[in-house]
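In: I'll drop the sequence and a predicted model, then ask my questions.
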Amino acid sequence: MVARAPRPPLAVLLSVWRALFLREAVLRIARERAAWLWLLLEPVAHIAFLIFLFTAIRLRVVGGIDTAVWLIAGLLAFFMFRRPAQRAMGAVDANQVLFTYRQVKPVDAVLMRAAVEGFLMTVIAVLVLACAGFYGLAVVPADPLATLASFAGLWLVGLGFGLVASVASELVPEAGRLIGVTMTPLYFFSGVIFPLDRVPQPYRDVLMLNPVAHGLEATRLAFAPYYRALPETSLAYLYACALAAILLGLALHRRFETSLVTR
Amino acid sequence: MILVEDVYKRYHTLHGPGHWVLQGVTLSIPPRVNVGLLGRNGAGKSTLLRLIGGIDQPTRGRVERRCRVSWPMGRAGGMVGALSGRQNARFLCRVHGHEDDIPERMASIEDFAELGEAFDEPVSTYSSGMRSRLQFATSLAFDFDVYIADEAISAGDAAFRKKAKRVFRELADHASLILVSHSAGTLKQFCSAGVLLERGRARWFDDVDDAIGAYEGGLPA
């Protein structure tokens, strides 16, 4: 038998990514009865509930823009970070069975989970914005490119978070619990439902260390240029944090690859 | 040809490094020879298979695969319970780079596995015999040079074992099998050579009967 040439590494990588992406998408969309519906309803219900709440307390305007638009932009942006982050964090644990195939590495599972989640969140964001637009809200982004840039930045931060957290939670289970606990405060400290400009100065600087807060403000500013965003808002900071987290995450995956597979 | 050179392996536990499972295993497994792997529970058979399969790395030493080696087929691992047999098989076609001719390969997998309607049911509903049929059927669709199986054949029924034996006889001119089993009958049925794992070391026997003899002779009466 003539020895066949092994496939080039890049071809293996691409076919593994393709297979994982499709598998992940199938499981996410069609695992349970009407799973795709819940995928969509969860963020919609979340947004609708908050809009109802803010209308009830008669808060009409935040930072110079309609509260509903402020909420929709902020929540979609926050989900763009949180959903990939949380799904990617559990990717290594959930895909243990696939590491039976030496072509599949833990980092592939994390990357593809984040990719599926980012893809689904994009579809959901478009649907939510279209619905809100039909309802008469001014949700057409004034600067679509800037909107995409901040969404992408938030997704990248979520990916970096997931890469680091997936290794940490596998190697030190306590770390996984701690990271899970930080998610709820992060919701408040990122200014999703509480405008950060109400926070007095020495503390606001501390809150603005959180890259997600920058991403949310940048998204709102991209939706409405007259929005009074926090002056500290910086997309560059968002992307720098994403880059740092992704590099750290990839390094951790490289270093601990064997321990992730053998557990 | 698979080369295992002076391989040491130990796992890390919550209480620090565990004991050595393999201590200086050196083997060269020639092509086209079916090898049975014997040893008591915990002797390191599955560990050695995982190292040969490339899904784990030795603590010290080296494993070299100079051919295409399948994944270690076992009773449990490798299939996603929530997906159907068909979805799992299609996933594996993609992972192994056969995106272009999925329909043909799926047909041969479906044909060999003989799962009937269960092929479209979630794998979590399968019995262990059905799982190993699915694993074997899938791996046979990829033309590996060496198939490695961890107790997978013994999970199948007599008809399946007969069929597997026929297939491996047909493949004998270019493919071989490395098999872990506790059943002397299965080993004699499939293998010509044997490897006995004892106290972290491996002994090669050209005849599987001698390996079985040495294994049973070494057991406490």
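Out: Here it is on my side, so go on. Numbering: from 1, shown residues only, chains lettered A, B, ... in the order given.
In: Poorly predicted segments of chain A, please.
Out: Within chain A, the ranges that satisfy pLDDT under 70 run A:1-4, A:263.
In: all strands of it, in order?
Out: All strands of chain A, identified by DSSP state E, fall at A:61-62, A:65-66.
In: Deepest in the core, which of these is it.
Out: Between the strands of chain A, the one whose residues have the most neighbours on average, counting mean count of other C-beta atoms under 10 Å in any protein chain shown, is strand A:65-66 (a mean of 18). All C-beta atoms are positioned from the backbone trio N, CA, C, and that covers glycine.
In: What strands line up against that one, and which way round?
Out: Note on strand A:65-66: by DSSP bridges, its sheet partners are strand A:61-62 (antiparallel).
In: Which residue does chain A have closest to chain B?
Out: When scored by C-beta to the nearest C-beta, chain A has A:Ala19 as its residue closest to chain B, at 3.4 Å.
In: Out of the strands of chain A, which is closest to A:Gln96?
Out: Evaluated with C-beta to C-beta, the strands of chain A place strand A:61-62 nearest to A:Gln96, the distance being 44.5 Å.
In: related to what we said a few turns ago, could you pull up the residues touching the residue of chain A closest to chain B?
Out: Counting by C-beta atoms under 8 Å, 6 or more residues apart in numbering or on different chains, A:Ala19 makes contact with B:Phe91, B:Leu92, B:Arg94, B:Val95.
In: Now do the SS call for the residue of chain B found nearest chain A.
Out: Shortest chain B-to-chain A distance, computed as C-beta to the nearest C-beta: residue-wise this is B:Arg94, at 3.4 Å. Following DSSP: H, G, I helix; E, B strand; the rest coil, the label given to B:Arg94 is helix.
In: Return the residues in contact with it.
Out: Taking C-beta under 8 Å, 6+ apart as the contact definition, B:Arg94 lies against A:Ser15, A:Val16, A:Arg18, A:Ala19, A:Leu22, B:Ile102.
In: at 10 Å what do you get?
Out: By C-beta atoms under 10 Å, 6 or more residues apart in numbering or on different chains, the contact list for B:Arg94 reads A:Ser15, A:Val16, A:Trp17, A:Arg18, A:Ala19, A:Leu20, A:Phe21, A:Leu22, A:Arg23, B:Ile102.
In: What residues does the last one make contact with?
Out: So that's B:Ile102. The contact partners of B:Ile102, taken as C-beta under 10 Å, 6+ apart, are B:Ala89, B:Arg90, B:Cys93, B:Arg94, B:Ala141.
In: And the nearest residue to A:Glu117 once chain neighbours are set aside, how close does it get to A:Val172?
Out: Setting aside the residues directly before and after it, A:Glu117 is nearest to A:Pro84 in space (C-beta to C-beta, 6 or more residues apart in numbering or on different chains), at 4.2 Å. Shown here: A:Pro84 relative to A:Val172, a distance of 22 Å by C-beta to C-beta, to the nearest Å.
In: Compare neighbour counts for those two and give me the winner.
Out: More crowded of A:Pro84 and A:Val172, by other C-beta atoms under 10 Å in any protein chain shown: A:Pro84, with 29 against 11.
In: got the phi/psi numbers for B:Ser28?
Out: Comment: the main-chain dihedrals of B:Ser28 come out as phi -130, psi 120, following degrees, to the nearest 10.
In: What of B:Tyr11?
Out: Per degrees, to the nearest 10, the backbone of B:Tyr11 is at phi -100, psi 150.
In: Can you give me the neighbour number for it?
Out: Applying other C-beta under 10 Å, we find 15 residues neighbouring B:Tyr11.
In: Tell me if I'm right that it and B:His19 touch.
Out: Yes. With the criterion set as C-beta atoms under 10 Å, B:Tyr11 and B:His19 qualify as a contacting pair; they are 9.0 Å apart.
In: all helices for chain A, in order.
Out: Counting by DSSP state H, the segments of chain A that form helices are A:9-30, A:35-56, A:67-89, A:91-94, A:106-134, A:144-171, A:173-189, A:201-207, A:211-223, A:235-255, A:257-262.
In: mind putting the ones you listed in JSON lines, distance to B:Ser132 included?
Out: Output for the helices of chain A, formatted as JSON lines (distance: least, C-beta to C-beta, whole Å):
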{"stretch": "helix A:9-30", "distance to B:Ser132": "21"}
{"stretch": "helix A:35-56", "distance to B:Ser132": "30"}
{"stretch": "helix A:67-89", "distance to B:Ser132": "31"}
{"stretch": "helix A:91-94", "distance to B:Ser132": "23"}
{"stretch": "helix A:106-134", "distance to B:Ser132": "24"}
{"stretch": "helix A:144-171", "distance to B:Ser132": "28"}
{"stretch": "helix A:173-189", "distance to B:Ser132": "32"}
{"stretch": "helix A:201-207", "distance to B:Ser132": "56"}
{"stretch": "helix A:211-223", "distance to B:Ser132": "47"}
{"stretch": "helix A:235-255", "distance to B:Ser132": "32"}
{"stretch": "helix A:257-262", "distance to B:Ser132": "22"}
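In: Could you look over the ones you listed and pick the most buried one?
Out: Burial of these is given as mean neighbour count (mean count of other C-beta under 10 Å); helix A:211-223 ranks first at a mean of 27.
In: starting at the chain centroid, how far to that one?
Out: 13 Å (C-alpha atoms, centre = their mean, to the nearest Å).
In: which residues touch the residue nearest the centre of chain A?
Out: With distances taken as C-alpha atoms, centre = their mean, chain A has A:Phe81 as the residue nearest its mean C-alpha position (2.2 Å). By C-beta under 10 Å, 6+ apart, A:Phe81 lies in contact with A:121, A:151, A:153-159, A:161, A:186, A:190, A:211-212, A:215-216, A:238, A:242.
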